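Engineer: okay, predicted coordinates and the sequence, questions at the end:
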Amino acid sequence: MESLGLPSLNLLRASHSTSHIWKTPKLLASNVHISHHFAFATPLSRTSAANRSRNPAVVDVRASSEDIELKQMRDMAAAKKRWDAMLREGKVKILTPREAGYAIQLSNKTLLDVRPSVEHEKAWVKGSSWIPIFEVDSELDMGAVSRNITNFVMGGWWSGMPTLSYNNQFLTRVEEKFPKDTDIIVACQKGLRSLAACELLLKAGYSNIFWVQGGLEAAEEEDLVREGPQPFKFAGIGGISEFVGWTDQQRAAAAKEGWGYRLLFSARLVGLVIAADALFIGVQQVGHYIQEMQTH
């Protein structure tokens, strides 16, 4: 990951704990709030032999959790400086979601969606190309199982975010699909992973790159032609927090929709509490039954 110019995946996931990252081209440290919830929700991404051959400096990091967290913070700070310069120098142009919509419709520019499948399948821009820079870790080896369990325990159950790994085929697939002189608009959910993707594309020789500031979550429904079952703003949420309506996106929607919308999630919360209480009582009864069996 280091040789790719990317910070650890753990810190890239911090984009899910912030809203509308970097509203100006200047990327200051104070604009990104890295929560511990996402800082350790996912172990460092793995690297394959193919990736090492293409990027020889890629190495696996083995360190204590404290060392890893410190390194992640430094990696993110370094990445933010590079991305700041990349935007400030005009190597990557900035578009708002509305400007991106105009560019797609009037100039036939290509929108490259780099989000993982769990976000893309909920909402996508009509006619866009989808090549994730990080994808859901679906391998069944012991390491992957351990990572998924850790992710779930450390907050995945609440946020609904799965364990993600760097997509080693990202650049290969982009290069197969798009010539180096293609005008490419790069977007993700909140704008952070797409910046990482822009940097990779820039290093690979692409010169006409546009970044969607704030990501698809910053888009209003009229900005882009959407396909999929949910609004763009809801594509990045999940888990129990989404079920009970305790996300920023749902609270904003509730303020517009009124009491009917709020009552729906209040009813879900009550149902969840009742279900949890019934489960607790059931476990207690099973425990008492086992104790009685053992005494006899």
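Structural biologist: Arrived safely, thanks for sending.

Engineer: run through the strands of the stretch 101-250 of the chain in chain order.
Structural biologist: With strands called from DSSP state E, counting those that start in this stretch, the stretch 101-250 of the chain shows them at 110-113, 124-125, 129-130, 134-136, 164-166, 184-187, 209-212, 226-227.

Engineer: would TSV of those strands with distance to residue 80 and mean pLDDT be doable?
Structural biologist: All C-beta spots, glycine's among them, are computed from the backbone N, C-alpha and C. TSV is the format used below for those (distance: least, C-beta to C-beta, whole Å; pLDDT from 0 to 100):
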stretch	distance to residue 80	mean pLDDT
strand 110-113	22	96
strand 124-125	26	97
strand 129-130	26	98
strand 134-136	18	87
strand 164-166	19	86
strand 184-187	17	98
strand 209-212	14	98
strand 226-227	30	96
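
Engineer: and the helices in this protein?
Structural biologist: Per DSSP state H, the chain carries helices over the ranges 9-12, 36-39, 49-54, 65-88, 97-107, 117-120, 142-151, 157-159, 170-177, 192-203, 239-243, 248-257, 259-295.

Engineer: just give me the lowest mean pLDDT stretch among the ones you listed.
Structural biologist: With a mean of 32, helix 36-39 has the lowest mean pLDDT of the helices of the chain.

Engineer: circling back to that earlier point, highest average neighbour count across the strands of the stretch 101-250 of the chain?
Structural biologist: Of all those, strand 184-187 has the most neighbours on average by mean count of other C-beta atoms under 10 Å, namely a mean of 27.

Engineer: can you list contacts of it?
Structural biologist: 95, 100, 103-104, 109-115, 125, 128, 178, 194, 197-198, 201, 206, 208-212, 215-216 (C-beta atoms under 8 Å, 6 or more residues apart in numbering).

Engineer: thinking again about what came up before, closest to residue 75 out of the strands of the stretch 101-250 of the chain?
Structural biologist: strand 164-166 (13.4 Å; C-beta to C-beta).

Engineer: list the strands paired with the closest one, with their directions.
Structural biologist: strand 134-136 (antiparallel) (DSSP bridges).

Engineer: so what's residue 205 up against?
Structural biologist: Neighbouring residues of residue 205 by C-beta under 8 Å, 6+ apart: residue 180.

Engineer: for the remainder of this discussion, apply numbering that starts at 136.
Structural biologist: Sure, I'll start numbering at 136, so the last one becomes residue 340.

Engineer: what about residue 356, how many neighbours?
Structural biologist: Other residues near residue 356 come to 11 when the count uses other C-beta atoms under 10 Å.

Engineer: hang on, isn't it packed against residue 369?
Structural biologist: No - shown here, residue 356 and residue 369 do not form a contact pair, counting by C-beta atoms under 8 Å, at 11.2 Å.

Engineer: which residues do those two both contact?
Structural biologist: Counting by C-beta under 8 Å, 6+ apart, nothing touches both residue 356 and residue 369.
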